[in-house]
Structures are given as structure tokens and as C-alpha cells.
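Engineer: Predicted model and sequence follow; I will ask about them next.
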Amino acid sequence: MEETITLEEIDHIVHSIRSRTGMQPEVAMILGSGLGGLAEAVEDQAVIPFEELPPWPVSTVMGHQGRLVLGRLEGKSVAVMRGRSHYYEGYSMARLGLPVRVFQRLGVKVLIVTNAAGAVNPGFDPGDVMLITDHINLIGMAGLTPLRGQNLDELGPRFPDMSRAYDRDLSQLARQAAEQVGLPLREGVYVCLAGPSFETPADLRFLRMIGADAVGMSTVPEVTVARHGGLRVLGLSGISNKANLDGDTITTHDEVLQAGQILVPKLTALVRETLRCL
Ligand code: HPA
């Protein structure tokens, strides 16, 4: 039987968070592989390890430090997920969507998601930042979605629209913020695969053919839940490696984490400026 998450479980976590901090977050952020450093900039932090918020999914991957950081950044109240979990770690899709449900019930209106991604677009290089303009839910097309099962009508509609998964106003704000901080901003379509194996050259040529610019193993489940719940979403990919379309190079997790070190200052500047203008 597939795992489901109840409204009671979600609200229990919401109460647990409220009992530790009076902070009312307006913006939630999910930080991907190697990008957790962004959380250090948060002021007046209340830090809650994910383990203390069961059944919050706890990441098992190196490069993800699992804790929720609540505080202020650029004058905004934020809830930052330092580290996230992935489907390949064995969690159900429903569990992966739980943190976004908690944000929704906490009253968060805007979700900023970041991830590390491989460049499928041959014009992109490691260290580039890509504004996600849309995604291909390849994992969802294969049936893996957090919205499977009974719909909780209190949280959103049975058949949510996904025509504007990534908010146009927030995207425009991010473009202006990038210009302001002098960061060249790529734009493109993110495709989510289950992983954990990286792609074969034939996989990558297929992904390029169907219109993907960047590939990764996260984000789309969370964004699907966020849109179901009516949150506005801004998505940013840190390009950590060039996809290996010709089979001549290999991709490693170390490479992804190393690129994260270059990407953290760029994403920090971009997210801070975007928040400031929000
Ligand atoms: N493929 C899939 N996921 C990734 C990659 C990649 O090349 N880089 C970072 N996450």
C-alpha cells in the first residue's frame, strides 16, 4: 500500500514549528545539492533538524544537511530547507511533498527552489545559473507524483493547472535581480528523472530532443505540490556539470558538490536581491 500523508500529520508539524518560533514565514526556500550555504545568511535563526519533525523526509545524501532554518533574510521572513530528499533515497512521493504542505499550512505564499543540475543545453557551462522557465515532469509521466491518491480538498484541487508552474512575476523579478548583481542568467526547461544513476549519452540526446536544457533528480515533485497548494514558485538551477551527450566524459557527485561551491555565492547574491525586491 502506498504511503499517504494526512492533514493531521501536516498540522502536527506546523504546531511543532510554531511551538519553537513565533516567526511567520512568507517565503520558503529549498536548497539543493551543495547549495546549503545560502542558509548561513539567514538572521535570527531558529534551527530545527528534520529528525525532530517526523515524518519529515531526512536526506541521506552527502552534501545535504537536513535542517529547517527559520529567520529573516533581506527583511523577509523565510523558512529555509537546508538539504532536501529525493525519490531515489526510497521515500514515497507523498513524503517528498510533505515539507511543501507544511509551508503551505504555515501560510507561506512564495516558494523558491534551487537545485544542482546537469546542462543538457550545449551552450551552458558548469557554474552557470539557470532560471527555470518550465519543467518536463518525466518522472510524473511515468506515474510518480505526490498528488497520487485521495485528494485533500482543503489543500488544493484534484486536477491542478500547471500551465504557469513558474511564476512570471517572480521570474521577471529574478531577471532584474540578476542584472542588478551583474550575474548572467541562463533560462530554460528543467527535466526531472528518478536517478540515482546519471544519464547515458542516449538518455541525454533524448532529453535534448524533447526540449530540456537542464536535468536533475529533484524539484518537480515539490513544485507540483506547491502549485496544487496555490504557492507561487521561483525555480533556479545551478549548473554543476555538462551533460555527457557524446559519452566522452563522466559525471560524478563530487563534481556536482564542487560546482556548488562556485554556485553558492552566485545564488546567494541572486536570491538575496530577489528577496529584497519582493
Ligand atoms: N544529471 C542528473 N542530475 C544531476 C546532474 C546530472 O548531470 N547534475 C546534477 N544533478
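Structural biologist: Alright, I've got the coordinates.
Engineer: Now do the contacts for residue 239.
Structural biologist: With contact taken as C-beta atoms under 8 Å, 6 or more residues apart in numbering, residue 239 is in contact with 117-119, 124-130, 186, 214, 259, 263. Every residue, glycine included, has its C-beta placed from N, CA and C.
Engineer: Wait, a helix at it?
Structural biologist: No - using DSSP: H, G, I helix; E, B strand; the rest coil, the secondary structure at residue 239 is strand, not a helix.
Engineer: which one of the contacts of residue 239 sits closest to residue 21?
Structural biologist: Nearest to residue 21 among the contacts of residue 239 is residue 263, at 28.7 Å by C-beta to C-beta.
Engineer: Tell me the secondary structure at the closest one.
Structural biologist: Applying three-state DSSP: residue 263 is helix.
Engineer: count of neighbours near it?
Structural biologist: 29 (other C-beta atoms under 10 Å).
Engineer: Over to the one 10 residues further on?
Structural biologist: Neighbourhood size, residue 273 [other C-beta under 10 Å]: 20.
Engineer: pretty sure it is in a strand, no?
Structural biologist: No - counting by three-state DSSP, residue 273 falls outside a strand, being helix.
Engineer: Let me know the closest of the contacts of residue 239 to the ligand.
Structural biologist: When the contacts of residue 239 are compared for distance to the ligand (C-beta to the nearest ligand atom), residue 118 wins out at 2.1 Å.
Engineer: Show the contacting residues for that closest one.
Structural biologist: Contacts of residue 118 (C-beta under 8 Å, 6+ apart): 198, 199, 214, 215, 216, 239, 240, 241, 242, 243, 251.
Engineer: Please apply the same query to residue 268.
Structural biologist: Residue 268 touches 37, 38, 41, counting by C-beta under 8 Å, 6+ apart.
Engineer: give me the element residue 8 is part of.
Structural biologist: Using DSSP states H and E, residue 8 sits in helix 7-18.
Engineer: Can you spell out which helices and strands pack onto that helix?
Structural biologist: helix 93-106 (3 or more C-beta pairs under 8 Å, 6 or more residues apart in numbering; DSSP states H and E).
Engineer: Mind listing what's buried along the helix or strand bottoming out on mean pLDDT in the chain?
Structural biologist: Least confident helix or strand, the chain: helix 253-277 with a mean of 87, by mean pLDDT, DSSP states H and E. Judged by neighbour count using 16 or more other C-beta atoms under 10 Å, the buried positions of helix 253-277 are 253, 255-257, 259-260, 262-264, 266-275.
Engineer: Stretch 205-212 too?
Structural biologist: For stretch 205-212, using 16+ other C-beta under 10 Å, the buried residues are 207, 208, 212.
Engineer: What ranges does this protein have for its strands?
Structural biologist: 27-31, 43-49, 67-73, 76-82, 110-119, 129-136, 185-192, 214-216, 232-242 (DSSP state E).
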